[in-house]
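Student: have a look; sequence and predicted model below, questions after that.
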Amino acid sequence: MEPLTNENFACLTSLDASSSVHWIQLVEAILIKEDSVVVTQKPNPLSSINVSGPIPAHLARSVIEETLRNAILDGRLPCGTAMRQQELACLFGVSRMPVREALRQLEAQSLLHVVTHKGAVVAPLIEDNSAETYALRILLESEALRLSIPLLTDDDITQAGGYIAALEHEIDYTKIGRLNRLFHMALYGKAPNQRLLKLVEHGLNEEERFLRFNLEAMGLSETSQEDHRELLNLVAQKKVDESILTLRNHLMRGMEVITLYLNGLEQNNEKEPL
Ligand code: NI
């Protein structure tokens, strides 16, 4: 239970009049015990976010973006959580402008959706077009790998190997997602087409969230690591076609997991009484 202090009360009262849902929750949440007012509202996901001290104005956007991004990726901010600008501005102790910019960045990374009349909310972990997203990633990443392999240096191969080694011991799903992205980018990074690389990185960012689900739901980590080792081995030998084939199989596995999951959802929906 968190006492309703003057400070957070000031924050609450400065919210838009339109955020009526918040007020309803607040009214539901207030218990008056003798002389003290205590807030017992359902835990607000945003309360999991720690802001340590004032944020310098020039860093505000990037700090907010990074903090929210991490909280979305590690599941502290579940899908559907509303990202209200004023509430976040209060939380981070900044004006609404850097918050708005940070939310825009997160939306561009497909981590937030803008919903009419509701504003930005955390995007679902799995969308019904996720299989299509994966299919597109296979095309883009295969091409990036094809362009990159001939230009990769020994240092690039060593760096990619380092990420595989780090993945061996990592149990934190958020860090696993990041290391997986860095490993793949190390292999594609020499592709000269910068726009292609941007698209590839965008897909990998989305996968950081999927991965958490993949690993937890399907225990894919073992097979993933075998794929990674095989892929690196082939890339080191500059075997372009074989590398692409291994990469495709690796990504196909992810796509199958998503498809199975979505089919399961559909069947469950059908079973539900009208
Ligand atoms: Ni991978």
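Tutor: Arrived safely.
Student: which parts of the stretch 101-250 of the chain are helices?
Tutor: 130-148, 154-169, 173-188, 194-218, 221-236, 240-271 (DSSP state H, counting those that start in this stretch).
Student: any chance of the ones you listed in CSV, plus mean neighbour count, distance to L88 and mean pLDDT?
Tutor: C-beta here means a position set from N, CA and C on the backbone, and glycine is covered the same way. Shown next, in CSV, are these (neighbours: other C-beta atoms under 10 Å; distance: least, C-beta to C-beta, whole Å; pLDDT from 0 to 100):
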stretch, mean neighbour count, distance to L88, mean pLDDT
helix 130-148, 19, 27, 91
helix 154-169, 14, 32, 95
helix 173-188, 21, 21, 88
helix 194-218, 18, 20, 78
helix 221-236, 17, 34, 88
helix 240-271, 15, 30, 80
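Student: for L167, give me its contacts.
Tutor: 176, 179-180, 183, 225, 228 (C-beta atoms under 8 Å, 6 or more residues apart in numbering).
Student: ok, it to L179 distance?
Tutor: 5 Å (C-beta to C-beta, to the nearest Å).
Student: correct me if wrong: E207 contacts R178.
Tutor: No: the criterion here is C-beta atoms under 8 Å, and E207 misses it with R178 at 10.8 Å.
Student: if we can go back for a sec, any chance of CSV for the contacts of L167, columns distance to D154?
Tutor: As requested, the contacts of L167 are exported to CSV (distance: C-beta to C-beta, whole Å):
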residue, distance to D154
I176, 26
L179, 21
N180, 22
F183, 16
Q225, 22
H228, 18
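Student: just the closest of these to I157, please.
Tutor: F183 (11.4 Å; C-beta to C-beta).
Student: ok, now which ones touch the closest residue in space to the closest one that isn't next to it in sequence?
Tutor: Nearest residue to F183, sequence neighbours excluded (C-beta to C-beta, 6 or more residues apart in numbering): Y163, at 3.9 Å. Counting by C-beta under 8 Å, 6+ apart, Y163 touches 179-180, 182-183, 186.
Student: make it 10 Å
Tutor: Going by C-beta atoms under 10 Å, 6 or more residues apart in numbering, Y163 touches 170, 178-187, 228, 232.
Student: out of these, what pair is the most spread apart?
Tutor: Maximum distance among the contacts of Y163 (C-beta to C-beta): 18.6 Å, for E170 and L187.
Student: what's the closest non-adjacent residue to Y134?
Tutor: Nearest non-adjacent residue to Y134 (C-beta to C-beta, 6+ apart): M255, at 3.8 Å.
Student: that neighbour contacts S130, correct?
Tutor: Yes: here M255 reaches S130: they are 8.2 Å apart, a contact under C-beta atoms under 10 Å.
Student: from E206, how far off is the residue nearest to the spatial centre of the chain?
Tutor: By C-alpha atoms, centre = their mean, the chain has its centre lying nearest to L73, at 3.7 Å. L73 sits 11 Å away from E206 when distances are taken as C-beta to C-beta.
Student: returning to what we had before: distance of the residue nearest to the centre of the chain from R209?
Tutor: From L73 over to R209 (counting by C-beta to C-beta), the distance is 6 Å.
Student: cool, N193 as well?
Tutor: 25 Å.
Student: kindly report the same for T133.
Tutor: Taking C-beta to C-beta, one finds T133 at 11 Å from R209.
Student: tell me the contacts of the residue nearest to A144 when sequence neighbours are not counted?
Tutor: Once flanking residues are discounted, A144 sits nearest to Y188: 3.8 Å by C-beta to C-beta, 6+ apart. The neighbours of Y188, taking C-beta under 10 Å, 6+ apart as the test, are 140-149, 152, 196-197, 200-201, 204, 247.
Student: you'd agree N50 is up against V63?
Tutor: No: counting by C-beta under 10 Å, N50 does not reach V63; the two are 11.9 Å apart.
Student: who has more neighbours out of these two?
Tutor: V63 (16 against 8; other C-beta atoms under 10 Å).
Student: what helix or strand is the more buried one located in?
Tutor: Following DSSP states H and E, one finds V63 within helix 60-73.
Student: give the next helix or strand downstream of that helix.
Tutor: Immediately after helix 60-73, counting by DSSP H and E, sits helix 85-92.
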